[in-house]
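**Student:** Output the structure for:
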Amino acid sequence: KKMGKSLGGAIWLNEDLLSPYDYWQFWRNTADDDVIRFLRLFTELPDARVAELAELKGQAINEAKEVLADEATRMLHGEEVLAPIKETAKQLFGAKGAAAADADNLPSVEVAPGDLAAGIPV
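**Tutor:** Numbers count the residues shown, from 1 in each chain. You can find the predicted model right below:
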């Protein structure tokens with residue numbers, strides 16, 4: 001499938017258009033077959049580290065995906081956003097699920113009560 005605005009897959013670099021959490025999740029959700037190529041293209045990791053990550057197979061490839069997400073997000077948004085993002089992801093996708101998540105770290109949208117009353121198309 002094409003990635004773009006029509007499918008909601010646009011990757012914005014501006015924090016006002018895409019939250020750091022969503023940016024991190026974009027990279028974390030990279031297809032297994034693309035992870036190593038993206039590490040080479042979109043991070044400044046040493047070749048030796050990328051080679052180590054290239055050895056990971058099966059479920060272990062998730063470590064490489066997290067490294068990719070961390071490195072890409074760090075380069076754009078800075079180190080300080082990583083701890084809250086990783087904690088929120090851990091809460092959302094851990095054993096307790098979304099019920100344990102700190103909503104303050106999740107992307108949100110404010111909707112005026114009048115807009116709710118008028119109805120919002122989904």
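
**Student:** Give me the below-cutoff pLDDT ranges for the protein.
**Tutor:** 1-10, 95-109, 122 (pLDDT under 70).

**Student:** at 90 what do you get?
**Tutor:** 1-19, 86-122 (pLDDT under 90).

**Student:** How far off centre is the helix or strand encompassing Q91?
**Tutor:** Assigned by DSSP states H and E, Q91 belongs to helix 82-93. Offset of helix 82-93 from its chain centre (C-alpha atoms, centre = their mean, to the nearest Å): 10 Å.

**Student:** now the top helix by length along the chain against helix 82-93, angle please.
**Tutor:** Under DSSP state H, the helix in the chain containing the largest number of residues is helix 61-77. Interaxial angle, helix 61-77 versus helix 82-93 (axes from the mean of the first three to the mean of the last three C-alpha atoms, to 10 degrees): 140 degrees.

**Student:** quick one on the thing from earlier: so what secondary structure elements neighbour the following helix or strand past the helix holding Q91?
**Tutor:** For helix 82-93, the succeeding helix or strand toward the C-terminus, using DSSP H and E, is helix 113-118. On a contact count with 3 or more C-beta pairs under 8 Å, 6 or more residues apart in numbering; DSSP states H and E, helix 113-118 meets no helix or strand. Bear in mind the C-beta positions are built from the backbone N, C-alpha and C, glycine included.

**Student:** What helix or strand is the spatially most central residue of the chain located in?
**Tutor:** Computing the C-alpha centroid of the chain and ranking residues by C-alpha atoms, centre = their mean puts Q25 first, at 1.5 Å. Using DSSP H and E, Q25 sits in helix 20-28.

**Student:** Kindly calculate the angle that that helix makes with helix 61-77.
**Tutor:** Using the same axes, to 10 degrees: helix 20-28 against helix 61-77 is 140 degrees.
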